[in-house]
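Asks: Sequence first, predicted coordinates after that:
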Amino acid sequence: MNSYPIPLTLHIGYPRTATTLLQKQLYKSNKNILYLGRKRSNTPSERWLNKKLYIYWEWIRSGKIEIDIEDARKQINTMLAIGAENNKEAAVISDETISKPHRIGHSVKISQRLNKLFPNAKILLTIRNQIDLIFSLYGLALRRSIANRSSLPTFDSWFMEGAGSNYVPIQERFNYANLYSDLLNNYNGDKISVLFYEDFINNNNKYMADLKEAIGVRKLILNTSSIINASPTMAEDSPLGRYMIAKSERLYDVRFIRRYPKLLDLYYKKILRRRVNWDDYKINDDRKRIIMSLFYKSNDYFAELADINLNNYGYPTSTKMQLDYTFFDQK
């Protein structure tokens, strides 16, 4: 099959790496981009802009339904051709669920199915250091517990029970090396772009430049003022504080409140007294040592495969452990 009429990028996560922002902004704010994938919506049936594409994507995720691969490829080419006729520079499909392994070895089959259906696509992988990501997910779990009026799990219980997954061990869920190597087996290395959540927060100009290059567009609009992702541990917040955090998230759905993002951000900062600080992990804490050691070997391998210096971004690697975390036992 020849190349696509316009470049197609598959943005496959991870969760908690500004994926919601991308899904909203690429869809609404960038008329030069043909956005075909998942969008945030309160109604499950409306979360995909194209129903056929939704079916194809479900096949990629689970493999449980039957699709005609050749016909699906033709349908995708037709969508992209229409986009080219409407002066679109590039197309994007975004869904972070692809990066969440539901079973051991799940990403192997997903990568194979991605390549069968989208052999000429580019891959965009957005990642975040796993320790920060874990606490962000824990904060999300607490908020959901409040919303569902269920008991609030302690971090220890939540983490030891799988950190939100009943099937996949924590070290497998956040093993970026495994997912990257599976993608590398099915796509050329130059087709896979890796973007860092840390750049999104700390070096937005670099993030935007990398994102434009990954998607293949000359112009890109990304309004970050409407998104707050504080990644709180919330472990030391009072029950009232947790309740207010959970309730205040819904203020973003109120048009009047959305006009004042700076005030709302200030409100968050006052309530979220404790944010994740990487330096907290330099103390001699057995639990934190175990958490870090789950990831440093896989990060070493990922950095080697992708030719990226993860130490520059604070990810747990063997070098980082040896230099900064003197209590870490390498035996």
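Replies: Ah, there it is. Numbering: from 1, shown residues only.
Asks: mind checking how far the residue nearest to Ser94 when sequence neighbours are not counted is from Phe302?
Replies: Counting by C-beta to C-beta, 6 or more residues apart in numbering, Ser94 lies nearest to His11, which is 4.0 Å off, once chain neighbours are set aside. (C-beta placed from N, C-alpha, C; glycine too.) His11 is 18 Å from Phe302, where distance means C-beta to C-beta, to the nearest Å.
Asks: mind checking how far the residue nearest to Ser94 is from Thr97?
Replies: Here the distance between His11 and Thr97 works out to 12 Å (C-beta to C-beta).
Asks: which one of these two has more residues nearby?
Replies: Neighbours were counted for His11 and for Thr97 using other C-beta atoms under 10 Å; His11 has more, 28 against 15.
Asks: is it true that Ala91 lies in a strand?
Replies: Yes. Secondary structure of Ala91 (DSSP: H, G, I helix; E, B strand; the rest coil): part of a strand.
Asks: What number of residues are in the vicinity of it?
Replies: Ala91 is surrounded by 25 other residues when neighbours are defined as other C-beta under 10 Å.
Asks: List the contacts of it.
Replies: Going by C-beta atoms under 8 Å, 6 or more residues apart in numbering, Ala91 touches 4, 6-9, 33-36, 79-80, 83.
Asks: Can you tell me, leaving aside adjacent residues, what's nearest to it?
Replies: Distances taken as C-beta to C-beta, 6+ apart put Leu34 closest to Ala91, at 4.0 Å, once the chain neighbours are dropped.
Asks: wait, isn't that neighbour in contact with Val92?
Replies: Yes. With contact defined as C-beta atoms under 8 Å, Leu34 and Val92 form a contacting pair (7.4 Å).
Asks: Run through the stretch 151-300 of the chain and note the low-pLDDT ranges.
Replies: With pLDDT under 70 as the threshold, the stretch 151-300 of the chain has low-confidence stretches at 152, 155-156, 162, 164-167, 224-285, 287.
Asks: where exactly do the helices run in it?
Replies: In order along the chain, the stretch 151-300 of the chain carries the following helices (DSSP state H, counting those that start in this stretch): 155-160, 170-173, 176-186, 197-202, 204-215, 239-249, 255-258, 261-271, 286-293, 296-306.
Asks: Give me the domain ranges for the chain.
Replies: Using automatic domain parsing, the domains assigned to the chain come out as 8-128+169-224, 277-331.
Asks: Turn those into TSV, columns for distance to Thr154.
Replies: Putting the domains of the chain into TSV (distance: least, C-beta to C-beta, whole Å) gives the following:
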stretch	distance to Thr154
domain 8-128+169-224	16
domain 277-331	12
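Asks: just those: most buried one?
Replies: domain 8-128+169-224 (a mean of 18; mean count of other C-beta atoms under 10 Å).
Asks: Can you name every helix or strand that the helix or strand containing Leu125 contacts?
Replies: Under the criterion of DSSP states H and E, Leu125 resides in strand 122-127. In terms of contact count using 3 or more C-beta pairs under 8 Å, 6 or more residues apart in numbering; DSSP states H and E, strand 122-127 is assigned the packing partners strand 8-11, helix 176-186, strand 192-196, helix 204-215.
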